[in-house]
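>>> no sequence on this one, just coordinates:
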Ligand code: UD1
């Protein structure tokens, strides 16, 4: 009976959101007391940044697509708020769920909060302590206006308590991305699939490094991007590097005139952004990962692939303390030193952080059910 169902609006906007929303929507299917409504804000819109994730992860067609794509931060956030408010006023949900730290996360949480609609934030409590990162601003603000804060690790909980957030609102449930990863792993490990994926670029398992690079702090700064490219130039003489290139970085490389430099790096292979399954397959077979992504730090820890994080900090310290991650910044010597260690077979192995076991969505829905049907 649709009338008595708990209406929940789930928000997805950008590539790192889709693997977090998929397990929730799957779990909702087992709980007929909920009526999930999916809103895609449109921040990522290319097939390989968005559509392919819906297809591979079997995510339902969004009930609303707000069509808010590129734009400056204020513009992107503001336009998302204007359109999302219309959805909330029409649907009158009992809950809005936001995930991660992208601009749509804060935009939609803010709209819901002002309309007195409770907000659940999944992947709450992460802190890089770097207010220059747009994501850090989004995380802090979203957490402070959320009613249910689902954290991935113990330090997330500590961060929230230190900021004065009521303990009763915080729930330690583990990492929801691991739910997706565990579910999709058999497909990736399938021999036929694996060899098809690797063959496309003439790669052999453990004979290449995987690179992702898109943070504004790395790619919008000409000097820093140049240092990183020079470092990759040294590494690619020892091991092939495969780089699915983000649209932001592609633009910058062109603007800064680095295309010619890249072309002479024969073992540095740039390819278009990958879909979820191919990306995880490349990661699972890589000797190691070089990245400035947030999610990949967690995925490499889960798959036990050594990870060198090309940033000065991480909001995911558990991947360093427990997992396979090492923070190397844009420091050429440090990156080369850690690369050499990995190539000598001395890469970090790490362990699985607590509750990263594939049952996070289940825990979240159980808690929401208890709270919302009280
Ligand atoms: C956003 C998120 C970041 C996340 C990243 C993953 C914020 C503040 N940042 O950064 O946390 O790690 O997504 O990718 O929300 N573009 C395309 N096609 C697309 C998507 C983007 O060409 O499908 C272009 C945009 O037009 C823009 C650039 O890429 O020029 C950056 O996109 P945007 O979503 O604004 O920020 P990201 O750098 O992707």
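Looks like it arrived, so ask away. On a predicted model such as this, the values are computed, not experimentally measured, just so you know.

>>> helix, strand or coil for residue 251?
For residue 251, the secondary-structure state derived from DSSP: H, G, I helix; E, B strand; the rest coil is helix.

>>> based on its surroundings, how many neighbours for it?
Using other C-beta atoms under 10 Å, residue 251 has 13 other residues around it. Every residue, glycine included, has its C-beta placed from N, CA and C.

>>> contact partners for it?
By C-beta atoms under 8 Å, 6 or more residues apart in numbering, no residues touch residue 251.

>>> mind listing the helices for the stretch 151-300 of the chain?
Using DSSP state H, counting those that start in this stretch, the helices of the stretch 151-300 of the chain run over 154-162, 176-189, 191-199, 216-219, 222-235, 247-255, 259-263, 276-285, 295-303.

>>> number of residues surrounding the spatially closest residue to residue 161 that is not a sequence neighbour?
The shortest distance from residue 161 to any residue other than its chain neighbours is 6.2 Å, reached at residue 167 (C-beta to C-beta, 6 or more residues apart in numbering). When neighbours are counted by other C-beta under 10 Å, residue 167 registers 8.

>>> tell me how far residue 167 lies from residue 127.
For residue 167, the distance to residue 127 under the criterion C-beta to C-beta, to the nearest Å works out to 17 Å.

>>> find the closest residue to the ligand in the stretch 151-300 of the chain.
When scored by C-beta to the nearest ligand atom, the stretch 151-300 of the chain has residue 247 as its residue closest to the ligand, at 3.5 Å.

>>> ok, that residue touching residue 273?
Yes - the pair formed by residue 247 and residue 273 meets the contact definition of C-beta atoms under 8 Å, at 7.5 Å.

>>> neighbour count winner among the two?
The residue with the greater number of neighbours, taking residue 247 and residue 273 and applying other C-beta under 10 Å, is residue 273; the counts read 20 against 15.

>>> that older thread, highest mean neighbour count out of the helices of the stretch 151-300 of the chain?
When neighbours are counted by mean count of other C-beta atoms under 10 Å, the highest per-stretch mean among the helices of the stretch 151-300 of the chain falls to helix 295-303, a mean of 24.

>>> can the very next helix or strand once past that one be said to contact the ligand?
The helix or strand immediately downstream of helix 295-303 is strand 307-309, counting by DSSP states H and E. No - using C-beta under 6 Å from any ligand atom, strand 307-309 stays clear of the ligand, with a minimum separation of 13.2 Å.

>>> mind listing residues that contact strand 307-309?
Outside strand 307-309, the residues within contact range by C-beta under 8 Å, 6+ apart are 288-292, 296-297, 300-301, 319, 323-328, 335, 338-339, 342, 348.

>>> how close does the nearest residue to residue 113 once chain neighbours are set aside get to the ligand?
Leaving aside its chain neighbours, residue 113 sits nearest to residue 145 (4.2 Å; criterion: C-beta to C-beta, 6+ apart). Note on residue 145: its distance to the ligand, by C-beta to the nearest ligand atom, to the nearest Å, is 17 Å.

>>> burial check on residue 373, number of neighbours?
Applying other C-beta under 10 Å, we find 9 residues neighbouring residue 373.

>>> thought it was touching residue 31?
No - taking C-beta under 8 Å as the definition, residue 373 is not a contact partner of residue 31, at 10.5 Å.

>>> mind pulling the model confidence for residue 373?
Turning to residue 373, the model gives it a pLDDT of 88.

>>> the helix or strand harbouring residue 97 packs against which elements?
Using DSSP H and E, residue 97 maps to strand 95-99. Judged by 3 or more C-beta pairs under 8 Å, 6 or more residues apart in numbering; DSSP states H and E, strand 95-99 is in contact with strand 6-12, helix 15-29, helix 103-114, strand 119-124.

>>> out of the ones you listed, deepest packed?
On a mean-neighbour basis (criterion: mean count of other C-beta under 10 Å), the most buried of those is strand 119-124, at a mean of 27.

>>> ok, back up a step: my guess is the residue nearest to residue 161 contacts residue 151, does it?
No - under the criterion of C-beta under 8 Å, residue 167 is not in contact with residue 151, lying 11.5 Å apart.

>>> fine by me, thanks again.
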